[in-house]
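Peer 1: Test case, fold it:
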Amino acid sequence: MPTKSKIYNIDAAGKSLGRVATEAATLLRGKNEVNYLPRLDPMITVKVSNLNKIVLTGKKASQKIYYHHTGYSGGLKKIKYPDLIKKNPGRALRLAVLGMLHKNRLRAKLIKRLIIEK
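Peer 2: All right, here's what the predicted structure looks like:
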């Protein structure tokens, strides 16, 4: 198990949301490391900068909708991408990376090491 932590920087200027999220998820998992094991935490931190210059292709900027459920009946909530960006600029990227990581206990540890700078 690696004890030394690595830090990777990603510049999101001019890149699409999905490409940045894929790159961040791959780095967080440690799949580019020589000693990659799926069950181990690679101790890697990923910093994403220039998030305000990220690009969405097509009509996604105006039509993309994020859904979540409160847990109560009739509790399906939705928010459009422009409103989500106004409220929390890094939330869209965090949700995209979260969806690309494995759904297990390790995911909570990995997503904490995703640092989004404005």
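Peer 1: show me what contacts the residue nearest to the spatial centre of the chain?
Peer 2: Closest to where the C-alpha atoms of the chain average out (C-alpha atoms, centre = their mean) is Val97, at 2.7 Å. Val97 sits next to Ala21, Ala24, Ala25, Leu28, Ile111, Leu114 when contact means C-beta atoms under 8 Å, 6 or more residues apart in numbering. Where C-beta positions appear, they are placed from N, C-alpha and C, glycine not excepted.
Peer 1: Then Ser5?
Peer 2: Under the criterion of C-beta under 8 Å, 6+ apart, the neighbours of Ser5 are Met43, Ile44, Thr45.
Peer 1: how close does it get to Gly30?
Peer 2: Relative to Gly30, Ser5 is positioned 11 Å away (C-beta to C-beta, to the nearest Å).
Peer 1: Need the residues touching each of the two.
Peer 2: Ile44.
Peer 1: For the contacts of Ser5, give me CSV that also has distance to Leu84 and neighbour count.
Peer 2: Formatted as CSV, these follow (distance: C-beta to C-beta, whole Å; neighbours: other C-beta atoms under 10 Å):
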residue, distance to Leu84, neighbour count
Met43, 30, 14
Ile44, 27, 18
Thr45, 24, 15
